[in-house]
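**Student:** this one's sequence-less:
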């Protein structure tokens, strides 16, 4: 009777489904909202039999009306992969703006804690390295990636407005490149691209010279950080990611080694506005959440390869 209730938008997606699983295992009641534009029923299928889990098929860009008490509202819904936001730019903008507004309104009505899932993309192609939360970013608002970047920047702005004007207890997480099981094979992100190409014996597509960097965080580490942030008293944005920086070329060679693939590398033109560097400063997460990632890239990639093979 005393279980806390968590509503999570986009709960059938890659990150959302892992978080739903962790919350249910941690004795929360979970209400998952998803319209399956990018999420998958398979991701949450094992949870459907659990009495503490409920799925509502819902588009969060429309008014959200959920009965009953609610302790936390986690706004995870987003079209976060390059293929998605390039194919659905207007939907991407709507879920970041209207969807965030609706989720905030629900949290205010229920007097619930609100957690916004933002992104390292708010930093754009950064002029500060590594990226710290106080950095305002270097974003092209009218570029092809602007629909995603600016939707998240707006989402952060309205979240802080609700915090200041309505005294809502809000949290903002800026998520850096996360990977692991349940990523979609065709979502356009580098980890599933490389793994699927290697397993099929196809050439690995490297954009530019492969010298651009990313900081890859395994999904289990991210979920641990999200849980800690949800329960914390921190209201300012918090970076969650792995501060160990790798070039795309290093990642490609690691995938080839771990898959024992004979695939070659092919080099193509760097996409427009593609960030050249990504590395989080996680000092705030260490101080406020006592969090830092534990799973090395080699181990995380091994687990992810195993899942894709299955």
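**Tutor:** Looks like it came in fine. All figures in this text were calculated on a predicted structure; none of them were measured in a lab.

**Student:** neighbours of residue 108, how many?
**Tutor:** Look at residue 108: counted by other Cβ atoms under 10 Å, it has 16 neighbours. In this view, the C-beta of every residue, glycine as well, is placed from N, C-alpha and C.

**Student:** need the contact list for it.
**Tutor:** 162, 166, 168 (Cβ atoms under 8 Å, 6 or more residues apart in numbering).

**Student:** so where is the stretch 1-150 of the chain shaky, pLDDT-wise?
**Tutor:** Applying pLDDT under 70 to the stretch 1-150 of the chain picks out residues 1.

**Student:** please report how far residue 102 lies from residue 185.
**Tutor:** 31 Å (Cβ to Cβ, to the nearest Å).

**Student:** which one's more surrounded, these two?
**Tutor:** Between residue 102 and residue 185, counting by other Cβ under 10 Å, residue 102 is the more crowded of the two (21 against 11).

**Student:** residues near the closest residue to the more buried one other than its chain neighbours, how many?
**Tutor:** Distance criterion Cβ to Cβ, 6 or more residues apart in numbering; nearest residue to residue 102, sequence neighbours excluded, is residue 64 at 4.9 Å. Residue 64 has 20 neighbours, counted by other Cβ under 10 Å.

**Student:** ok, residue 64 to residue 33 distance?
**Tutor:** Here the criterion is Cβ to Cβ. By it, residue 64 lies 7 Å from residue 33.

**Student:** residue 113 now?
**Tutor:** Distance check for residue 113 against residue 33: by Cβ to Cβ, it reads 17 Å.

**Student:** before we move on, back to that, who touches both of residue 64 and residue 33?
**Tutor:** residue 58.

**Student:** contacts only, for the residue lying closest to residue 124 once chain neighbours are set aside.
**Tutor:** Once flanking residues are discounted, residue 124 sits nearest to residue 139: 3.5 Å by Cβ to Cβ, 6+ apart. By Cβ under 8 Å, 6+ apart, residue 139 lies in contact with 121, 122, 123, 124, 125, 146, 149, 150, 153.

**Student:** between those, which has the most around it?
**Tutor:** When neighbours are counted by other Cβ under 10 Å, residue 123 leads those with 28 neighbours.

**Student:** I'd guessed that residue sits against residue 138; true?
**Tutor:** Yes - the criterion here is Cβ atoms under 8 Å, and residue 123 meets it with residue 138 at 7.1 Å.

**Student:** which parts of the stretch 51-200 of the chain are strands?
**Tutor:** With DSSP state E, counting those that start in this stretch applied, the stretch 51-200 of the chain shows strands at 53-57, 72-75, 113-119, 170-175, 178-179, listed in chain order.

**Student:** so what's residue 103 up against?
**Tutor:** Residue 103 neighbours (Cβ under 8 Å, 6+ apart): 9, 60, 64, 73, 75, 77, 114.

**Student:** and the spatially closest residue to it that is not a sequence neighbour, how many neighbours?
**Tutor:** Leaving aside its chain neighbours, residue 103 sits nearest to residue 75 (4.2 Å; criterion: Cβ to Cβ, 6+ apart). Using other Cβ under 10 Å, residue 75 has 27 other residues around it.
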